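Asker: sequence and predicted model, in that order:
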Amino acid sequence: MKIERFEDILAWQKAKELSLGVYKSLNDCRDFPFKNQLQRAAVSVMNNIAEGFERKSNKEFANFLFIAKGSCGETRSMLALGKELGYFSSEDFGKLSRLSEEASRMMSGLIKKL
């Protein structure tokens, strides 16, 4: 099956869910530098998947997927810090971390196929 739109990529869908979860979880957070950095990292995952796909080159797409995977790592690192600072419940932290890990694994699979 050929993917016609980046919106059809499962890793992008997971990354969008991750971004939405980060925004919702930090809705009342008053640590604006932390909030901004985490939101930017999470959104970077989905945007790099989309941008890479739209380049219409497997080599460039793979490169953007590696960048997106890096943003997944940054997101998980920030989530761990946020949990320690009390910004996330254990439930929210677990859910968001799992989404990030799932998106990262999916991107690894995509990279191998490319």
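Answerer: Alright, I've got the coordinates.

Asker: what comes up buried for the helix or strand hosting residue 93?
Answerer: Counting by DSSP states H and E, the element that carries residue 93 is helix 90-113. Using 16 or more other CB atoms under 10 Å as the test for burial, helix 90-113 gives 92-93, 95-97, 99-100, 102-104, 106-107, 110-111. Where you see a C-beta, it was placed from the backbone N, CA and C, and this is true even at glycine.

Asker: next: stretch 66-86.
Answerer: In terms of neighbour count (16+ other CB under 10 Å), stretch 66-86 has its buried residues at 67-69, 71-72, 74-76, 78-79, 82-83.

Asker: including distance to residue 21, could the buried residues of helix 90-113 go into JSON lines?
Answerer: Putting those into JSON lines (distance: CB to CB, whole Å) gives the following:
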{"residue": "92", "distance to residue 21": "7"}
{"residue": "93", "distance to residue 21": "10"}
{"residue": "95", "distance to residue 21": "6"}
{"residue": "96", "distance to residue 21": "5"}
{"residue": "97", "distance to residue 21": "10"}
{"residue": "99", "distance to residue 21": "6"}
{"residue": "100", "distance to residue 21": "10"}
{"residue": "102", "distance to residue 21": "12"}
{"residue": "103", "distance to residue 21": "12"}
{"residue": "104", "distance to residue 21": "15"}
{"residue": "106", "distance to residue 21": "16"}
{"residue": "107", "distance to residue 21": "18"}
{"residue": "110", "distance to residue 21": "22"}
{"residue": "111", "distance to residue 21": "24"}
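
Asker: pull the longest helix from the chain.
Answerer: helix 58-84 (DSSP state H).

Asker: what about that one, average pLDDT?
Answerer: Averaging pLDDT along helix 58-84 yields 98.

Asker: so what's the gap between that helix and the chain middle?
Answerer: For helix 58-84, the separation from the chain centroid amounts to 6 Å (computed by CA atoms, centre = their mean, to the nearest Å).

Asker: where does pLDDT dip in the protein?
Answerer: 1 (pLDDT under 70).

Asker: sorry, back to before: now the angle from the helix holding residue 93 to helix 58-84?
Answerer: Orientation check (axes from the mean of the first three to the mean of the last three CA atoms, to 10 degrees): helix 90-113 against helix 58-84 gives 160 degrees.
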